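Trainee: Take this sequence and fold it.
(one chain, ligands or ions: 1)
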Amino acid sequence: MTKDEFETLLVHGACCKDDVSGALTVPIYQTVTYRQGELGVEPPYDYTRSANPTRRALEKQIASLEEGKYGFAFSSGMAAIAATFFLFHSGDEILISRDLYGGTFRLLESHFKNFGLSWRIVDTVDPVSFEADFSPQTRAILLETPTNPLLRVSDIEEVSRIAHRNGALVIADNTFLSPYFQRPLTLGADIIVHSATKYLSGHNDVLAGLVVIDDETLAEEFLMIQKSTGGVLAPFDSYLLMRGIKTLALRMDRATGNAQVIAQWLSSHCAVDRVYYPGLESDPGYELQLKQASGAGPLLSFDLNEKHDIKKFFAALRVITPAESLGSVESMACHPATMSHASIPAEIRAEMGISDRLVRLSVGIESPEVIKHDLEQAFKKDRG
Ligand SMILES: Cc1ncc(COP(=O)(O)O)c(C=O)c1O
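Mentor: Numbering: from 1, shown residues only. Sure thing, here's the model as predicted:
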């Protein structure tokens, strides 16, 4: 799909008109159940946990944006990821990419492990070493690219080739780039998961998760999981998410432009030891990012130099909000060690390369000069 086609789809796609009335926004079908016709004849809608017209419009929209056939909407990114893990059975193994969202790690370690689903961390950035990690029990590999929080880039095509050769599915968490910049199904992935709470919604006012699948058999299984587990997205939240999606291109362009400016500025700043951003030519993931995505995205991370005090730095921020989340119009700073990745034990965090001095910046759509100024004044106040 070309950029023009994608941008047209954002504002004219499935979420942008109501076939019943012609309204330019899909109505909020705030109903749990539906009148049934003739007994024994399956109606299009019977109960909102199974399907709802507002949610259905969103599900069609995300499927078309990801160039897949089937979309599923959940009440959070974690509900979407949990539903995906229900595809597997006791005795199966899932490989996960080296640094990834702490909640995904916790879900596997604290919950699915109790049902006999095992997991192992692998380095998907290095496809050669990674092939040796498959075992006869491996059923899937879950990867984030770029990863959270170190923005490491994996080759989705190569990972998919290796996974398929070993009989495993590829689950790609596409939260960080959104389909505006990267469409993993077109690169060989089998299942896309999203925390739509982030860039897709974009305004910090809805918690949502999405899944997109291309394969019909897998999608049928998934539909049953969605209906059985029941963590579906409410009609009002589906409406909010559709509204956010319409401006995805504008927000992503502006925030990514800002991130590029900030990353370049930080990379020569004496308060910063290292910047992690695949939009920088010096970044190890730069070439690959250019090959498989059309932008580096609005997220970057950096290690604060040890002359600076991380607590004072966060306390000194005035415009940038210290917060767990990312992907909204306002800039937010996260301290992975105590926020997003606190559920990962310190020794595993250290192995993953997530230091206590790491700051993850979700760059928003404010003026880049204002963001820079805020960081600069915080660096001046935070000398340890
Ligand atoms: C990459 C990634 N995946 C999944 C999630 C979980 O999403 P949610 O918070 O919507 O449950 C997050 C949350 O930060 C995330 O960053």
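Trainee: Whatever helix or strand Arg349 lives in - what's its average pLDDT?
Mentor: Taking DSSP states H and E as the definition, one finds Arg349 inside helix 346-352. Averaging pLDDT along helix 346-352 yields 86.
Trainee: same question, stretch 376-384
Mentor: Averaged over stretch 376-384, pLDDT sits at 85.
Trainee: Report the buried residues of that stretch.
Mentor: Across stretch 376-384, burial judged by 16 or more other C-beta atoms under 10 Å covers Ala378, Phe379, Asp382. For glycine as for every other residue, the C-beta is placed from the backbone atoms N, C-alpha and C.
Trainee: do stretch 59-74 as well
Mentor: Using 16+ other C-beta under 10 Å as the test for burial, stretch 59-74 gives 59-68, 70-74.
Trainee: Can you pull out the low-pLDDT segments for the stretch 51-200 of the chain?
Mentor: Along the stretch 51-200 of the chain, the model assigns pLDDT under 70 to no residue.
Trainee: who does the residue of the stretch 101-250 of the chain found nearest the ligand bridge with?
Mentor: Here the stretch 101-250 of the chain gets closest to the ligand at one residue, Ser195, 3.0 Å apart by C-beta to the nearest ligand atom. Beta-bridge pairing of Ser195 under DSSP bridges involves Gly209.
Trainee: number of nearby residues for Tyr47?
Mentor: Neighbourhood size, Tyr47 [other C-beta atoms under 10 Å]: 13.
Trainee: and the residue nearest to it when sequence neighbours are not counted, what does it touch?
Mentor: Nearest residue to Tyr47, sequence neighbours excluded (C-beta to C-beta, 6 or more residues apart in numbering): Thr33, at 5.5 Å. Neighbour list for Thr33: Asp46, Tyr47, Thr48 [criterion: C-beta atoms under 8 Å, 6 or more residues apart in numbering].
Trainee: Looks like the second one contacts Tyr34 (just checking).
Mentor: This points to Tyr47. Yes: if you go by C-beta atoms under 8 Å, Tyr47 and Tyr34 touch, sitting 7.5 Å apart.
Trainee: In the stretch 201-350 of the chain, where is pLDDT below threshold?
Mentor: Checking the stretch 201-350 of the chain against pLDDT under 70 turns up nothing.
Trainee: mind listing what whatever residue of the chain ends up closest to the ligand touches?
Mentor: Nearest residue of the chain to the ligand (C-beta to the nearest ligand atom) works out as Gly77 at 2.3 Å. Contact analysis of Gly77 by C-beta under 8 Å, 6+ apart lists Gly103, Thr175, Val193, His194, Ser195, Ala196, Thr197, Lys198, Leu207, Ala208, Gly209.
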